[in-house]
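Enquirer: output the structure for:
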Amino acid sequence: MLSTAPSEMESKAKQFKLYRDNAWQGWKDIVYTEDPSRPLSGPQKAPEYDYLFTLYQVWLRRRLLAIYKSRRMMMSWFFIWLHLQIAMFNTNRLVFLVSKKEENSDELVKRCEFIYDHIPSEFLPFKPKKYSKYCLLGFPELRSRIVGVPEGSDQLRQFASSAVFFDEFAFWRNQEKAFAAAMPTVEQSGRFTIVSTVQPGYYYEFCTDRTDLVGTKIGD
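Expert: Predicted coordinates:
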C-alpha cells in the first residue's frame, strides 16, 4: 500500500496555501485560458501584463471596483480567475457571475471550469473536488460554489454573497436597478467587481463620476 510521506504532504500543503493567499502568483503559475477566435491553438498560458498586476493590487484594497476597458485585454479571464480562486481555495463561499443573458453567464462559469481543468498537477498536486452543471460550479468539500445568473434587479436580492462579478455591464438593459439590487448582497464583507467595454451611457457616467449613486459605498 502506497502512502504519502509527511514531507511530501507538507510540500503540497504549502503549494495550496501559496495559491490561496496569492491569486497573482496563481495567475502566473497555474492559469491557462483559451481564445475562441483560434480554436486550434489550444490552452494558452495566462499573460503577465503589468496592468493586470496593477488592477490586482487595487482589487485587493477595494471591495467595490468598476472598470471600463477596450477589447481583448484579458480582463474578463483575469477576474474570472480571481473569483474562481475565492471559491476553490476557501470554505463557505458563494460567488455570482452575472452577464446580460443566462447563456452568457453559463459561459463565464464554463471559463472557471476550463481554468480549473487545466491547472498543471506539478504546480497544484491536489485540487478540491468539483461538480458542475448549467450555470453552476461547486466544490462540495469546501461548501463553496460559483453560480451564473442573468442580469435583473431581483436575481441576487435574497442572497448574501462572497463576491459578485458583473461582465460587460455597459450593455445591460437596466443597469441602475441591477447595481442597486446587488449592493446589499455584498455590504457585510463581500466583493463587487464590474468590468465592461467602453459604451456611452449609465456605466460610463458612473466610472467617470458623472452621475450620483445613492448607497454605493461598501468600504475598503
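Enquirer: got a pLDDT number for the most centrally placed residue in the chain?
Expert: Of all residues in the chain, the one closest to the mean position by CA atoms, centre = their mean is His83, 2.6 Å from it. pLDDT recorded at His83 is 98.
Enquirer: likewise for Ser153?
Expert: 57.
Enquirer: strands along this protein, start to end?
Expert: 32-33, 44-45, 64-69, 94-99, 131-133, 136-139, 144-150, 163-167, 191-197 (DSSP state E).
Enquirer: quick one: strands adjacent to the last one?
Expert: Strand pairing for strand 191-197, determined by DSSP bridges: strand 64-69 (parallel), strand 163-167 (parallel).
Enquirer: can you check the fifth one too?
Expert: For strand 131-133, sheet partners with direction are given as strand 136-139 (antiparallel), following DSSP bridges.
Enquirer: now the strand it pairs with: buried residues?
Expert: 137-139 (16 or more other CB atoms under 10 Å). In this view, the C-beta of every residue, glycine as well, is placed from N, C-alpha and C.
Enquirer: what lies in contact with that strand?
Expert: 84, 87-88, 109, 112-113, 116, 128-132, 144-148 (CB atoms under 8 Å, 6 or more residues apart in numbering).
Enquirer: select only the buried ones of those residues in PyMOL?
Expert: With 16+ other CB under 10 Å as the criterion, this PyMOL line picks the buried residues out of the contacts of strand 136-139:
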select buried, resi 84+87+88+109+112+116+128+130+132+144+145+146+147+148
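Enquirer: output the below-cut-off pLDDT ranges for this protein.
Expert: 1-6, 36-40, 153-155, 157, 210-220 (pLDDT under 70).
Enquirer: swap in 50 and give it another go.
Expert: 1-3, 212-220 (pLDDT under 50).
Enquirer: who's in contact with Lys129?
Expert: For Lys129, the contact set (CB under 8 Å, 6+ apart) comprises 139-141.
Enquirer: give me the distance between it and Leu82.
Expert: 21 Å (CB to CB, to the nearest Å).
Enquirer: can you tell which of the strands of the chain is closest to Phe53?
Expert: With CB to CB as the criterion, Phe53 lies closest to strand 64-69 of these, at 14.2 Å.
Enquirer: may I have stretch 118-131 as CSV, with CA atoms only?
Expert: C-alpha atoms of stretch 118-131 as CSV (Å, rounded to 0.1, in the frame of the first residue of the first chain):
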residue,chain,number,x,y,z
HIS,A,118,-6.1,22.9,-17.0
ILE,A,119,-4.3,23.6,-13.7
PRO,A,120,-1.0,21.7,-14.1
SER,A,121,-0.7,19.0,-11.5
GLU,A,122,3.0,19.7,-10.9
PHE,A,123,2.0,23.1,-9.5
LEU,A,124,-1.1,22.1,-7.6
PRO,A,125,-0.9,18.3,-6.9
PHE,A,126,-4.3,18.2,-5.4
LYS,A,127,-7.4,20.3,-6.1
PRO,A,128,-10.8,20.3,-4.3
LYS,A,129,-13.3,18.0,-5.9
LYS,A,130,-15.8,19.8,-8.2
TYR,A,131,-19.2,19.2,-9.6
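Enquirer: Tyr56 against Trp81, yeah?
Expert: No: here Tyr56 lies out of contact with Trp81, judged by CB atoms under 8 Å, at a distance of 10.0 Å.
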